[in-house]
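> structure of the sequence below:
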Amino acid sequence: MASRAVPEQPIVVGGKPKNGQADGRNRRVLGDIGNLVPAAEGKVSKTNITRPVTRNFTAQLLANAQAAAEKNNTKKPLRVAGVPSGRDVKKQETMVGISPEEEAKLAKNLEKKATISKRTGTGKSLTSTLSARSKAACGITKKPVELVVDIDAADVSNELAAVEYVEDIYKFYKMSENEYRVHDYMSTQPEINSKMRAILVDWLIEVHRKFELMPETLYLSINIVDRFLSVKAVPRKELQLVGISSMLIACKYEEIWAPEVQDFLAISDNAYVREQMLLMEKAILGKLEWYMTVPTPYVFLARYIKASVPTDQEMENMTFFFAELGVTHYSTSIFYCPSKLAASSVYAARCTLKKSPFWSETLKHHTGYVEDELTDCAKLLVSYHLGASESRLKAVYKKYSSPDKGAVALFRPAKTLQTKQAAGSV
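As a prediction, the model looks like this:
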């Protein structure tokens, strides 16, 4: 088609017409520059365009830049934004163009697939498909996230529960438990060994049950005994006197109606007189500097049993059974801190009662221990359970074999925590 003739325009240099004309409205209309060719039906179609001169020039620029970068000891080759590398240029030069018929056929197929995907709802991107397969392979989709249970929700209206401060209280307990923790002291006791200490604690558990005292009193009594023996060498004949004097102090600290001095003398078969017991009480308080507020295992047991949801009386009895076995034996009472002994007792109880899971996210959150940290101590506790019926120390076994304690001592020990050799009788 013929085009209208356009008068030749003056050459503009620096934005102003050279021949004095003010505007450049009468510019030459752009015509065919050779990038379009007419099709058979008179339509315009695209053809493969190659610009070897431009691409060679671009590659030359990149080669010069890389040479300069290597000269300046640059490790990575320099790439200019929007400028392809020499490899990309060669790749582009070898690309084969698509004919109009193939392009139309390809577009029709893509449109058909999109329609089918919309109808069936099966259209997914490659990224989402690969992500789903990766999650399935790792087991992520099969394992839902376990939430931490709010164990204090039911006690919000209970002022004695101190829900607002309970988390801070137990953080303080965990921080301070090592300050007054008793370490191995048997090497400083010339006349006392770990078996004698176990016999004393076993007897104190019987006395505690006879007097129907609070559980806090038992754990504080054992703590006072260990702390005093760690700083004072005691003759063998006075070991029982240390035990009843320690329980007298603990009763005055914990009980509302504490047994009297004469009650402790009578239960010890009057092996000592009143003056001896009062002198020993004074000596213990002096050595311990009257400090009785210590985080015993009971402090942590009360919290960790509550975190063992869902909890019941059987779970509570089983946990206390393992805890008392632990404090009776010197190895677990001394070499494991109170919080770990309490957590291990809960873990051993859950394994014995086959609670699933053995260790939950709620317990992990409130105790601060993962399952692997409790395995060694829990195995010791289960070994004590295995030998409890044949041991000479019968107080804990008899106590928790009674119906009022659910007869939890008669349960089969946890197979998952049993070792090849059970602990021997003491």
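
> C-alpha from now on. contacts and neighbour counts both.
Noted.

> buried stuff in the stretch of helix or strand D226 belongs to?
Following DSSP states H and E, one finds D226 within helix 215-229. For helix 215-229, burial by neighbour count (16 or more other Cα atoms under 10 Å) applies to 216-229.

> return the list of helices and strands in contact with it.
Packed against helix 215-229 by the contact rule (3 or more Cα pairs under 8 Å, 6 or more residues apart in numbering; DSSP states H and E) you find helix 194-211, helix 239-254, helix 297-307.

> that helix versus helix 194-211: what angle between them?
For helix 215-229 against helix 194-211, the angle between stretch directions is 150 degrees (axes from the mean of the first three to the mean of the last three Cα atoms, to 10 degrees).

> contact partners for the closest residue to A407 other than its chain neighbours?
Leaving aside its chain neighbours, A407 sits nearest to S401 (4.0 Å; criterion: Cα to Cα, 6 or more residues apart in numbering). The contact partners of S401, taken as Cα atoms under 8 Å, 6 or more residues apart in numbering, are 407-410.

> any of the residues you listed buried? List them.
Applying 16+ other Cα under 10 Å to the contacts of S401, the neighbour count classes 407-409 as buried.

> can you show me the helices along the stretch 251-400 of the chain?
Using DSSP state H, counting those that start in this stretch, the helices of the stretch 251-400 of the chain run over 261-267, 274-287, 297-307, 313-328, 330-335, 338-352, 361-367, 371-386, 395-399.

> tell me where the model's unsure across the stretch 1-150 of the chain.
1-59, 61-62, 69, 71-100, 102-103, 105-107, 110-130, 132-146 (pLDDT under 70).

> that older thread, closest one of the contacts of S401 to S331?
Checking the contacts of S401 against S331 with Cα to Cα, the nearest one is A409 at 20.8 Å.

> name the SS class of the closest one, please.
Following DSSP: H, G, I helix; E, B strand; the rest coil, we place A409 in the helix state.

> coming back round to it: for the helices and strands packed on helix 215-229, which one sits closest to Y165?
The nearest among the helices and strands packed on helix 215-229, by Cα to Cα, is helix 297-307 at 13.3 Å.

> buried ones in the closest one?
297-301, 303-307.

> buried sites along stretch 163-171?
163, 170.

> coming back round to it: rebuild the buried residues of helix 215-229 as a markdown table, extending it with distance to V382 and pLDDT.
Below are the buried residues of helix 215-229 laid out as a markdown table (distance: Cα to Cα, whole Å; pLDDT from 0 to 100):
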| residue | distance to V382 | pLDDT |
| --- | --- | --- |
| E216 | 23 | 95 |
| T217 | 25 | 96 |
| L218 | 21 | 97 |
| Y219 | 20 | 97 |
| L220 | 24 | 96 |
| S221 | 24 | 97 |
| I222 | 21 | 97 |
| N223 | 23 | 96 |
| I224 | 26 | 96 |
| V225 | 25 | 97 |
| D226 | 23 | 96 |
| R227 | 26 | 95 |
| F228 | 29 | 96 |
| L229 | 27 | 95 |
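
> a markdown table for the residues you listed, including distance to L160?
Putting those into a markdown table (distance: Cα to Cα, whole Å) gives the following:
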| residue | distance to L160 |
| --- | --- |
| E216 | 17 |
| T217 | 20 |
| L218 | 22 |
| Y219 | 22 |
| L220 | 21 |
| S221 | 25 |
| I222 | 27 |
| N223 | 25 |
| I224 | 27 |
| V225 | 30 |
| D226 | 31 |
| R227 | 30 |
| F228 | 32 |
| L229 | 35 |
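
> and those, which two are furthest apart?
E216 and L229 (20.3 Å).

> state the distance from E216 to P295.
As judged by Cα to Cα, to the nearest Å, E216 and P295 stand 10 Å apart.

> oh sorry, the question was meant for L204
L204 is 20 Å from P295, by Cα to Cα.

> neighbour count winner among those two?
Neighbours were tallied for L204 and for P295 using other Cα atoms under 10 Å; the higher tally belongs to P295 (25 against 22).

> mind listing what that one touches?
Shown in contact with P295 (Cα under 8 Å, 6+ apart): 173, 176-177, 338.

> so how far is T416 from it?
In terms of Cα to Cα, P295 sits 30 Å off from T416.

> quick one: residues contacting the nearest residue to R197 once chain neighbours are set aside.
Of all residues not flanking R197 in the chain, Y330 sits nearest, at 7.3 Å (Cα to Cα, 6+ apart). Taking Cα under 8 Å, 6+ apart, we find Y330 in contact with 194, 197-198.

> need those residues in JSON lines with pLDDT, can you?
Shown next, in JSON lines, are the contacts of Y330 (pLDDT from 0 to 100):
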{"residue": "S194", "pLDDT": "94"}
{"residue": "R197", "pLDDT": "96"}
{"residue": "A198", "pLDDT": "96"}
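
> what about the nearest residue to W203 once chain neighbours are set aside, neighbour count?
In space, and not counting its chain neighbours, W203 is closest to A395: 7.1 Å by Cα to Cα, 6+ apart. By the criterion of other Cα under 10 Å, A395 has 22 neighbours.

> quick one: A395 and E206 touch, right?
Yes: between A395 and E206 there is a contact at 5.9 Å, judged by Cα atoms under 8 Å.

> distance of N193 relative to F335?
Taking Cα to Cα, one finds N193 at 16 Å from F335.

> I meant F320, not that one.
19 Å.

> and the two? which has more neighbours close in?
Using other Cα under 10 Å, the more surrounded residue of F320 and F335 is F320, with 24 against 14.

> in this structure E361 contacts L147, no?
Yes: here E361 reaches L147: they are 6.9 Å apart, a contact under Cα under 8 Å.

> neighbour count: these two, which is higher?
The residue with more neighbours, out of E361 and L147, is E361; 17 against 9, by other Cα under 10 Å.

> just the pLDDT for that one.
pLDDT recorded at E361 is 92.

> what of the one 10 residues further on?
In the prediction, the pLDDT value recorded for E371 is 91.

> what's the neighbour count on the residue nearest to it when sequence neighbours are not counted?
With Cα to Cα, 6+ apart as the criterion, E371 has its nearest non-adjacent residue at 6.2 Å, and that residue is W359. Neighbours of W359 under the rule other Cα under 10 Å: 21.

> got the phi/psi numbers for W359?
Dihedral pair for W359: phi -140, psi 120, per degrees, to the nearest 10.

> check contacts around T217.
247, 250-251, 254-255.

> weed out the non-buried ones from those residues.
For those, buried by 16+ other Cα under 10 Å: 247, 250-251, 254.
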